[in-house]
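[1] based on what follows, work out the 3D shape:
(one chain, ligands or ions: 1)
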Amino acid sequence: MTTNHPAIDKILISKDTLQKRVQELAKEISQDYKNTCPVFIGVLKGSVMFLADLMKNTAVDHSVDFLCPSSYAGGTKSTGIVRLLLDLRESIEGKDVLLVEDIVDTGLTMNYLLENLRTRRPRSLEICTLLDKSSCRKVSVPIRYRGFEIPNEFVVGYGLDYRELYRNLPYIGVMKPPKAEKNK
Ligand code: PRP
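    Next up, the predicted model:
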């Protein structure tokens, strides 16, 4: 599928396909958590659109909180060093926690978050990710709910960015190779 957006090479997952899959995931989650009141933890910033659509389609009562890990800006991706820039507001002790991510790539961010959150003694802790780039994994992470397995391409849209842009696109698109920037 093509688009006339100048930065996007092709549409990998259309808006309709995204919405249908999110509804399926929300149905599964609603069933699995029907006897409890889970807390959905959105991992900022990329998860925002997915989280909002997941919430709208989830039938069980649930609360929401947020975490913001440091991003890999500056080329530190291979180090796997992650910090929390924003922590949860509420305690998760004894709660059923669903971590909501836009993408699991190397798994380093999610691995850090899992280790961190486990020390807070939740009753359960599961991962829901929209996208899984498992071919890039460096550390194994147990994904309970997965929207789509995707190839190793740089994707943006539906929350995912390139230099903070394109998060607003309603689809997942593959970027055109960025042009060499002047003055750099
Ligand atoms: C992205 C994504 C995950 C992480 C996945 O965040 O949202 O949090 O990278 O990569 P990994 O599996 O290799 O650790 P990013 O640092 O781009 O920040 P953002 O969500 O604010 O865009």
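
[2] what confidence value was assigned to Met49?
    pLDDT recorded at Met49 is 98.

[3] same thing with Thr58?
    98.

[4] just the one 3 residues further on next, same as before
    Looking at Asp61, its pLDDT stands at 98.

[5] surely it meets Cys37?
    Yes: counting by Cβ atoms under 8 Å, Asp61 does reach Cys37; the two are 5.2 Å apart. (C-beta placed from N, C-alpha, C; glycine too.)

[6] chain neighbours aside, what residue packs nearest to Ile103?
    Closest residue in space to Ile103, ignoring its immediate chain neighbours: Leu131 at 4.2 Å, by Cβ to Cβ, 6 or more residues apart in numbering.

[7] who touches that neighbour in this structure?
    102-104, 147-148, 150, 155, 160, 172 (Cβ atoms under 8 Å, 6 or more residues apart in numbering).

[8] rerun that using 7 Å as the cut-off
    102-103, 147-148, 150 (Cβ atoms under 7 Å, 6 or more residues apart in numbering).

[9] mind checking which helix or strand it is in?
    strand 124-132 (DSSP states H and E).

[10] tell me the first helix or strand C-terminal of that strand.
    Downstream of strand 124-132 (by DSSP H and E), the next one is strand 145-149.

[11] what about the next helix or strand after that following strand, distance to the chain center?
    Scanning forward in sequence from strand 145-149 by DSSP H and E, the next helix or strand is strand 155-156. Mean-position distance between strand 155-156 and its chain equals 12 Å (Cα atoms, centre = their mean, to the nearest Å).

[12] also stretch 133-145?
    On Cα atoms, centre = their mean, the centre of stretch 133-145 falls 12 Å from that of its chain.

[13] let me know whether it sits next to the ligand.
    No: under the criterion of Cβ under 6 Å from any ligand atom, stretch 133-145 makes no contact with the ligand; the nearest approach is 6.9 Å.

[14] how about residues contacting that stretch?
    25, 28-29, 103-108, 110-111, 114, 126-129, 132, 149-150, 152.

[15] show me where the protein has strands.
    8-13, 39-43, 63-69, 84-86, 96-104, 124-132, 145-149, 155-156, 172-175 (DSSP state E).

[16] which helix of the protein spans the most residues?
    helix 15-32 (DSSP state H).

[17] now the angle between strand 39-43 and that one, please.
    140 degrees (axes from the mean of the first three to the mean of the last three Cα atoms, to 10 degrees).

[18] got the contact list for helix 15-32?
    Taking Cβ under 7 Å, 6+ apart as the rule, helix 15-32 contacts 50, 53-54, 57-60, 98, 128, 145, 147-148, 158, 170-172.
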